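Asks: Turn this into a model:
(one chain, ligands or ions: 1)
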Amino acid sequence: MSSTAPRTRRTAPAIRGHKAHDGAEPLVMLTAYDAPGARIADEAGVDMILVGDSLAMVVLGYADTLQVTTADIAHHTAAVARAKPSCLIVADLPWMSYHVSPADTLANASLLIRAGAQAVKLEGGRKRLPMVEALVDAEIPVMGHLGLTPQSVHAMGGFKVQGRSTEAAMELVADAKALAHAGCFAIVLEGVPDEVARLVTAAVDVPTIGIGAGPHCDGQVLVFHDVLGIEDRIAPKFVRRYASLKDDAVAAVAHYAADVRGGQFPAAAESYHLAAEVAETLGLYGSGAAAR
Ligand code: KIV
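Replies: Reported below is the predicted structural model:
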């Protein structure tokens, strides 16, 4: 969908009541990290942009998400916000920005809100409740994130699907209920079996947004660079590529390089020209560079 008609602005309260079992269409969230990405997502009609800490891996070249700081996310959130998208801008609280104290969490979240985010996302379940409550109390909408939480990569022993045992599945349900009860307006479910995502989705009255969590969530989220095939080195099972922009970009740049080297770029139509009388005064007629 691409339309020039202005869209209704998406808000956290509007997203909160959006459960797919009420017959609503699934919500669409996509990451974006800069103004062009935000314009693409917004013109395509997504409901939410996530300025994810996946920034670390897909934009900044790190091996995991632990390297980005609140300042990094704020910088990219501001770029997204300058595009003035009508979708909701959610910014990720990075690792260690909400693990120490509610006061720290509030100070870090306020940097993201002042940069242009309308909500923040944090990873983890019941042990994050004091932080979630402090944020909600400060009028900051919070999105939770459960399952395969990339900021716990070392604690999980790698990027592994979570919630495979009965106990782990029940823990996820309990975490999701606690987050919803504490005021989260939505919960990302990442890297969990689809049956578990279905259980969690049925257990909470806020939308679940899945990534690698099957089709039973109230919405889906993917990473911009994965959807568009800009990142082509790794292809997780849950990614569907809708374009091959990396291949297209390499071919386009190779074409440009060949044109420059072959003297085909720039052409006359791509060059500026002197007025005829100035060219004449400068004695340029007949030089091959005569004004046209
Ligand atoms: O940072 C990110 O891109 C995310 C999504 C994978 C949900 O947290």
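Asks: From now on I want contacts and neighbour counts done on CA atoms only, so please keep to that.
Replies: Will do.
Asks: pLDDT below threshold where in the stretch 1-150 of the chain?
Replies: Across the stretch 1-150 of the chain, the ranges flagged by pLDDT under 70 are 1-7.
Asks: mind running it again at 50?
Replies: For the stretch 1-150 of the chain, the stretches flagged by pLDDT under 50 are 1-3.
Asks: Contact residues of it facing the ligand?
Replies: 31, 52-54 (CA under 6 Å from any ligand atom).
Asks: contacting residues around the closest residue to the ligand within the stretch 101-250 of the chain?
Replies: Going by CA to the nearest ligand atom, the ligand is nearest to Val223 of the stretch 101-250 of the chain, at 5.5 Å. Residues near Val223 by CA atoms under 8 Å, 6 or more residues apart in numbering: 30-32, 54.
Asks: Share the number of residues neighbouring the residue in the chain that the ligand sits nearest to, please.
Replies: Using CA to the nearest ligand atom, the single residue of the chain nearest to the ligand is Gly52, 3.2 Å away. By the measure other CA atoms under 10 Å, the count of residues near Gly52 is 23.
Asks: Look up phi and psi at the closest residue to it other than its chain neighbours.
Replies: Take Gly52 and drop its neighbours on the chain: the residue closest to it by CA to CA, 6 or more residues apart in numbering is Asp92, 5.1 Å away. When read as degrees, to the nearest 10, the backbone of Asp92 gives phi -80, psi 130.
Asks: my read: Asp92 touches Leu122, true?
Replies: Yes - counting by CA atoms under 8 Å, Asp92 does reach Leu122; the two are 6.3 Å apart.
Asks: can I get the contacts of Val223 in a markdown table with secondary structure and neighbour count?
Replies: Formatted as a markdown table, those follow (DSSP: H, G, I helix; E, B strand; the rest coil; neighbours: other CA atoms under 10 Å):
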| residue | secondary structure | neighbour count |
| --- | --- | --- |
| Leu30 | strand | 22 |
| Thr31 | strand | 26 |
| Ala32 | coil | 28 |
| Ser54 | coil | 26 |
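Asks: ok, which pair from the residues you listed is furthest apart?
Replies: Distances among those were taken as CA to CA; the most separated pair is Leu30 and Ser54, at 11.5 Å.
Asks: ok, back up a step: contacts only, for the residue of the chain closest to the ligand.
Replies: 31-33, 73, 91-92.
Asks: Could you tell me how far the host helix or strand of Ile40 lies from the centre of the chain?
Replies: Here Ile40, judged by DSSP states H and E, is contained in helix 35-43. Taking CA atoms, centre = their mean, to the nearest Å, the mean C-alpha location of helix 35-43 is offset from the chain mean by 11 Å.
Asks: how about the helices of the stretch 51-200 of the chain, start to end?
Replies: Assigned by DSSP state H, counting those that start in this stretch, the stretch 51-200 of the chain shows helices spanning 55-58, 70-82, 102-115, 129-137, 153-156, 166-182, 194-203.
Asks: beta partners for the most centrally placed residue in the chain?
Replies: With distances taken as CA atoms, centre = their mean, Thr31 lies nearest the centre of the chain, 1.4 Å away. Per DSSP bridges, the residues bridged to Thr31 are Leu50.
Asks: measure it to Val51 for me?
Replies: According to CA to CA, to the nearest Å, Thr31 stands 6 Å off from Val51.
Asks: One more: Ala78?
Replies: From Ala78 over to Val51 (counting by CA to CA), the distance is 10 Å.
Asks: thinking again about what came up before, what angle do helix 70-82 and the helix holding Ile40 make with each other?
Replies: Interaxial angle of helix 35-43 relative to helix 70-82 (axes from the mean of the first three to the mean of the last three CA atoms, to 10 degrees): 50 degrees.
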